[in-house]
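Trainee: Requesting a structural model of the entry that follows:
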Amino acid sequence: MAKEKAQVYRKLFELIKVFLLRSVAQRELEYIQAKGYKFTTNVELGLVIRCTTPRCEKVLFNHVAFDRNLKPLCLKCCEKVTQTEKKEISVVQYKKIEELADICDGYVLTGTN
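Mentor: Just a heads-up that it's a prediction; the model follows:
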């Protein structure tokens, strides 16, 4: 009985994880499209990408925005640039949803996390 419950909880966890990952990615995508930012693939991405705005330095998640000088910006800092600069912002999708799910699978939840 306990083993069956554990399997059900594991399946439920998997379902919730996929739902949340897809939801976050979809919201980001809709936001980027609403702002009129263009997508590109002409940028080489490192392992960890941070916003280059002083005092921000957030680690960027899946959709990485770049200014015309190819400096990464978080979506919040994109709002702070001028209208002319906003027209030159391009966005790169860092990973596909399936890859993000695999990364999440690598984390183990314990009582100390």
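Trainee: how about low-confidence regions in this protein?
Mentor: Counting by pLDDT under 70, the chain has low-confidence residues at 1, 107-113.
Trainee: again, only using 50
Mentor: For the chain, not a single residue meets the criterion pLDDT under 50.
Trainee: any chance you could map the strands in it?
Mentor: 38-39, 63-66, 72-73, 90-93 (DSSP state E).
Trainee: what sits up against the second one?
Mentor: With Cβ atoms under 8 Å, 6 or more residues apart in numbering as the contact definition, strand 63-66 has outside contacts at 25, 28-29, 32, 37, 40, 43, 45, 49, 72-75, 78, 89-94. From N, CA and C alone the C-beta is placed, and that goes for glycine too.
Trainee: In PyMOL, how would I select the buried members of these?
Mentor: Only the buried entries of these go into this PyMOL selection, using 16 or more other Cβ atoms under 10 Å:
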select buried, resi 25+28+32+37+49+72+73+74+75+78+89+90+91+92+93
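Trainee: I'd like to know how far residue 79 sits from residue 91.
Mentor: 14 Å (Cβ to Cβ, to the nearest Å).
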